[in-house]
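[1] structure for the following, please:
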Amino acid sequence: MPRRMLTDEHWSKLKGMMLQENIYNKRDLRMTVEGMFYRLRVGCPWRDLPPCFGRWNSIYKKFNEWSKKGKWLALFKKLVSEPDTEWEFIDGSYVKAHQHSAGARGVEPQAIGKSRAGNTTKIHLAVDSDGLPIEFSVTGGEIHDSTAASELIEPLPPATAVIADKGYDSSKIREQINSKGANAVIPRKSNSVIGNADMDWPLYRHRHLVENAFARLKHFRGLATRYDKLKRNYQSVVAMARVGFYGCRCNETSTAPNLIEY
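    Residues are numbered from 1 along each chain as shown. Predicted coordinates for the structure are as follows:
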């Protein structure tokens with residue numbers, strides 16, 4: 001019997017959120033979700049799911065259906081209903097795309113690009129003051145952080161400051177952040193004529209929160225290496241990892257217990 005990841009308490013929380021998203025409460029729903037999380041955790045092919053979770057093809061079809069309808073993304077959104085957005089941190093991280101993820105048929109977006117590491121995908125992530133993910137986007141690995149920044153920043157809730165590394169140093173990004181009523185805490189590049197005299201370095205030191213979030217999310221092997229062919233399916237994987245690791249916020253001051261036992 002493979003290790004399962006959802007305790008009864010955690011499943012009751014997740015089940016309640018799923019029912020709110022009109023996911024039908026079938027008798028085998030818990031084992032179906034367990035199968036999805038198992039594949040996320042170990043990074044195995046769908047065909048290699050242990051039989052105790054049910055038929056692998058049925059679990060894959062359900063995952064694909066939920067991805068089409070944006071169910072996992074909706075669950076992700078439910079967990080960020082009350083973020084602590086005094087500060088917001090943004091960054092991007094490469095993910096190696098396995099050779100089996102390439103070559104999807106049809107015209108649906110894949111978000112796989114060529115970079116120095118070969119076929120890669122990039123996750124662009126925003127976290128709140130507690131280091132909890134509140135927004136993300138997925139692009140090909142060749143897309144620079146500054147290029148994807150506008151799409152990532154636009155839906156962010158109001159904050160006093162948005163913190164990022166010098167890869168986001170551009171007047172366009174600073175203007176977008178300022179237009180949302182936030183201060184852009186971004187170091188300028190070495191060739192800048194303006195310099196960093198106005199830089200809030202003590203606040204910038206907290207930027208490790210977004211890097212820590214990436215480190216935690218990449219504990220899941222099915223996320224750290226991309227096996228999904230379609231962009232929407234890999235977005236569901238990222239959303240699942242957020243649901244799995246960070247769980248539900250209990251109150252305004254908590255850092256949220258883990259939803260699953262890794």
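
[2] from now on I want contacts and neighbour counts done on CA atoms only, so please keep to that.
    OK.

[3] and the spatially closest residue to residue 194 that is not a sequence neighbour, what's its pLDDT?
    For residue 194, ignoring the flanking residues on the chain, the nearest one in space by CA to CA, 6 or more residues apart in numbering is residue 188 at 7.9 Å. At residue 188, the model reports a pLDDT of 93.

[4] what's next to stretch 109-122, contact-wise?
    Stretch 109-122 has contacts (CA atoms under 8 Å, 6 or more residues apart in numbering) with 92-99, 102, 104, 138-143, 226, 229-232.

[5] where does the chain have its least confident helix or strand?
    strand 113-115 (a mean of 84; mean pLDDT, DSSP states H and E).

[6] what's stretch 66-80 in contact with?
    Applying CA under 8 Å, 6+ apart, the set of residues contacting stretch 66-80 is 17-18, 21, 133-134, 232-233, 235-236, 239-240, 242-243, 247-249.

[7] any figure for the gap between the residue nearest to residue 194 and residue 175?
    In this view, residue 188 and residue 175 are 14 Å apart by CA to CA, to the nearest Å.

[8] same check on residue 230?
    For residue 230 relative to residue 175 (CA to CA), the value is 33 Å.

[9] cool, and residue 186?
    Using CA to CA, we find residue 186 at a distance of 12 Å from residue 175.

[10] who's more crowded, those two?
    Of the pair residue 186 and residue 175, residue 186 is the one with more neighbours under other CA atoms under 10 Å, namely 23 against 14.

[11] would you list the phi and psi of the residue nearest to that one when sequence neighbours are not counted?
    Excluding its sequence neighbours, the residue lying closest to residue 186 (CA to CA, 6+ apart) is residue 164, at 5.2 Å. Dihedral pair for residue 164: phi -150, psi 170, per degrees, to the nearest 10.

[12] before we move on, the earlier item: which ones among the contacts of stretch 109-122 lie within helices?
    231, 232 (DSSP state H).

[13] sketch out the low-pLDDT regions of the stretch 151-262 of the chain for me.
    246-262 (pLDDT under 70).

[14] show me the strands in it, by range?
    161-163, 183-185, 225-226 (DSSP state E, counting those that start in this stretch).

[15] out of the ones you listed, which is the most enclosed?
    strand 161-163 (a mean of 25; mean count of other CA atoms under 10 Å).

[16] contact partners for the residue nearest to residue 186?
    Taking CA under 8 Å, 6+ apart, we find residue 164 in contact with 89, 90, 91, 185, 186, 187, 204, 207.

[17] check which helices and strands whichever strand or helix holds residue 9 sits against.
    Taking DSSP states H and E as the criterion, residue 9 maps to helix 8-20. Packed against helix 8-20 by the contact rule (3 or more CA pairs under 8 Å, 6 or more residues apart in numbering; DSSP states H and E) you find helix 71-78.

[18] how big is the angle separating the helix it packs on from helix 8-20?
    Orientation of helix 71-78 against helix 8-20 (axes from the mean of the first three to the mean of the last three CA atoms, to 10 degrees) gives an angle of 110 degrees.

[19] give me the buried positions along helix 71-78.
    71, 72, 73, 75, 76 (16 or more other CA atoms under 10 Å).
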